[in-house]
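J.: no sequence on this one, just coordinates:
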């Protein structure tokens, strides 16, 4: 049976294991909750067509068929979402083979707000993760760090004074001589003030470690197989 989970969350070409009825009149028309681009918020969408619309025969067989599910926002009554679903010939799974607007994923609203213009990289990284492309996700997350690191390190200096500030500013000047994010963090990560070390945890050291591990994984992946592009960033 189609379900909210399948329609709302599953990306294209991922099989959704379920029991499928033998004829289309047994397929449920489930209401879904997704973002309406007109209302700019999450809204209830209701299906407006019949699965058997091509033949107009309600007992049309499901096995091996590709059906369309067209939804419209219940609030504005104008924004629509359309899904094309393939049914397994043995009635054991469903799989989305088309979707408009394109499949997206909703990230943490607070994180997106804080990232501002960089939030699109965050969303693309989440999409890569959801489809098993961990290396691709790392590429997007690293891009965020690369673009904000200089401003972030400058802000840290406002929390220091005296000898600690002088030592930090000296290291900060050295960071401007390299374009490698990992090297920038290495130069200053041990100079953070206590206020930025909750429970004695150094966030820059953790970030440095994550970048290092990701780079090694990326290198290993490229050695084992031909890189597979996951999108532009």
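T.: Noted; the coordinates are in hand. Since this is a predicted model, take the numbers as computed values, not measurements.
J.: surely residue 143 meets residue 121?
T.: Yes: here residue 143 reaches residue 121: they are 5.2 Å apart, a contact under CB atoms under 8 Å. Any C-beta I mention is one placed from the backbone N, CA and C, and that applies to glycine too.
J.: Have a look at the two and say which one is more surrounded.
T.: Taking neighbours as other CB atoms under 10 Å, residue 143 and residue 121 compare with residue 121 leading, 21 against 17.
J.: Helix or strand for the more buried one, just tell me which one.
T.: Taking DSSP states H and E as the definition, one finds residue 121 inside helix 119-130.
J.: Run the chain-centre distance for that helix.
T.: Distance of helix 119-130 from its chain centroid, counting by CA atoms, centre = their mean, to the nearest Å, is 3 Å.
J.: could you point out which element follows it?
T.: Toward the C-terminus from helix 119-130 - assigned by DSSP H and E - lies helix 134-156.
J.: Check the average confidence over that next one, would you?
T.: Averaged across helix 134-156, pLDDT comes to 88.
J.: and that helix, what does it pack onto?
T.: helix 119-130, helix 162-175, helix 181-188, helix 203-224 (3 or more CB pairs under 8 Å, 6 or more residues apart in numbering; DSSP states H and E).
J.: can you give me how far it is from the chain middle?
T.: Relative to its chain's centre, helix 134-156 lies at 16 Å (CA atoms, centre = their mean).
J.: element containing the closest residue to residue 100 other than its chain neighbours?
T.: Closest residue to residue 100 apart from its sequence neighbours, by CB to CB, 6 or more residues apart in numbering: residue 82 at 5.0 Å. For residue 82, the host element (DSSP H and E) is strand 80-87.
J.: Many thanks, I have nothing further to ask.
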